[in-house]
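1. below: sequence and its predicted model.
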Amino acid sequence: MARINKKYGAGSVVLASKMPTVPRFTSGSLSLDVMLGGGWPGNQWNEILGAESSGKTTIVHKTIAANQQQDPDFTTFWVAAEGYDHEWAMTLGVDVDRVIVFETNAMETAYTEMIKAAESRAVDAIVLDSYPALVADDEDAKNMDEATMAGGARVTGKFFRKVGQATRRSLVEQERPLLALIVNQFRDQIGGWAPNGATPKTSPGGKAKNYAYYTRVEVSRTEWIDEKRPGGSVRVGQVIKLKTLKSKSAAPQQVSTLRFYFANSSTGICAGEYDLASQLITQGIYHGLIRLDGSWYKYGDYMWQGDKKMAAAMREDLDLQQQLSADVMAAIRVSED
């Protein structure tokens, strides 16, 4: 150990027991944090993957907004390959004064600046939205009638081989951690096969990226949320289902569902918000923190008759939300121990 540290620098080799724990970044959703093992792992690259309009960018925005609330200095470098809607980001709770937007769809340029941002230690999060919009230089130089195959995949593989050193942090000291998120979108797989007549699908970018990602989360929309109004029904939100396709820091193949509202709800939930109360109640009951006694729900010194009254009280009392959320995470740590 002394020889290696002398040759390559102090902290190059350490006992595993002395290494700092993997930093975690909240997703802004208790159920998603639980699924991820405590939040998004830091200093690693994570993929958010799904079909179009499934809620991928929304998940990223809500993650950024939640971490901005916890840290007044939290800064994001956002590579916008498809443009950046700052008004929608504000609706989702993002402080756009702390988001640095770099608009480009040139793949090599985007990857180079992402590496430089990771090396600088000057930002807390790096986001690429999204990979399919990037164009590799080889492909850009070709005419429209000239075929190009796998150019982007080769560049992406090179990016992950090069970015490892930039993302890595000290093994002996606590450094400013980095949240790294890349949005990707499913494509139909030509010539593939899937059971039950389903359309086979794949993720653009080649195979190398799948090995490099620390966490891969699949996002899908399961149903719409409609509310009755005097003139009919109004669509106010959607149910987002998330599944961990890969996780190196928690159990894989875990599932979480979020109720997201893109319009104001009659229940008091505003546009751009999750129904956090329903998540808290589900987790509270599952971990035995909320007890059912007939039609009564009991949590500590609190008691409500019916789940609707409990949900309404949970939405109005932020201190109660924080208390139950902390108790749920503590119960999870105890069960893991």
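-> Now that the structure is in, tell me what you want to look at. Numbers count the residues shown, from 1 in each chain.

2. same for the helix or strand of the chain with the lowest mean pLDDT, what does it pack against?
-> Using mean pLDDT, DSSP states H and E, the weakest-scoring helix or strand in the chain turns out to be strand 187-188, at a mean of 81. In terms of contacts (3 or more CB pairs under 8 Å, 6 or more residues apart in numbering; DSSP states H and E), strand 187-188 is packed against strand 201-202. Heads up, the C-betas are built off the backbone N, CA and C, glycines and all.

3. the longest helix in the protein is where?
-> When the chain is parsed with DSSP state H, its longest helix is helix 318-336.

4. got the CA coordinates for that one in PDB?
-> Extracted in PDB, the C-alpha atoms of helix 318-336 (Å, rounded to 0.1, in the frame of the first residue of the first chain):
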ATOM      1  CA  LEU A 318     -45.400  19.600   6.100                       C
ATOM      2  CA  ASP A 319     -43.900  18.700   9.500                       C
ATOM      3  CA  LEU A 320     -46.000  15.600   9.600                       C
ATOM      4  CA  GLN A 321     -44.800  14.600   6.100                       C
ATOM      5  CA  GLN A 322     -41.100  15.100   7.100                       C
ATOM      6  CA  GLN A 323     -41.600  13.100  10.400                       C
ATOM      7  CA  LEU A 324     -43.300  10.200   8.600                       C
ATOM      8  CA  SER A 325     -40.700  10.200   5.800                       C
ATOM      9  CA  ALA A 326     -37.800  10.100   8.300                       C
ATOM     10  CA  ASP A 327     -39.500   7.300  10.200                       C
ATOM     11  CA  VAL A 328     -39.900   5.300   7.000                       C
ATOM     12  CA  MET A 329     -36.200   5.700   6.100                       C
ATOM     13  CA  ALA A 330     -35.200   4.700   9.600                       C
ATOM     14  CA  ALA A 331     -37.400   1.600   9.500                       C
ATOM     15  CA  ILE A 332     -35.800   0.600   6.200                       C
ATOM     16  CA  ARG A 333     -32.300   1.000   7.600                       C
ATOM     17  CA  VAL A 334     -33.300  -1.200  10.600                       C
ATOM     18  CA  SER A 335     -34.800  -3.900   8.400                       C
ATOM     19  CA  GLU A 336     -31.600  -3.900   6.200                       C
END
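
5. in it, what's buried?
-> By 16 or more other CB atoms under 10 Å, the buried positions in helix 318-336 come out as Leu320, Gln321, Gln323, Leu324, Ser325, Asp327, Val328, Met329, Ala331, Ile332.
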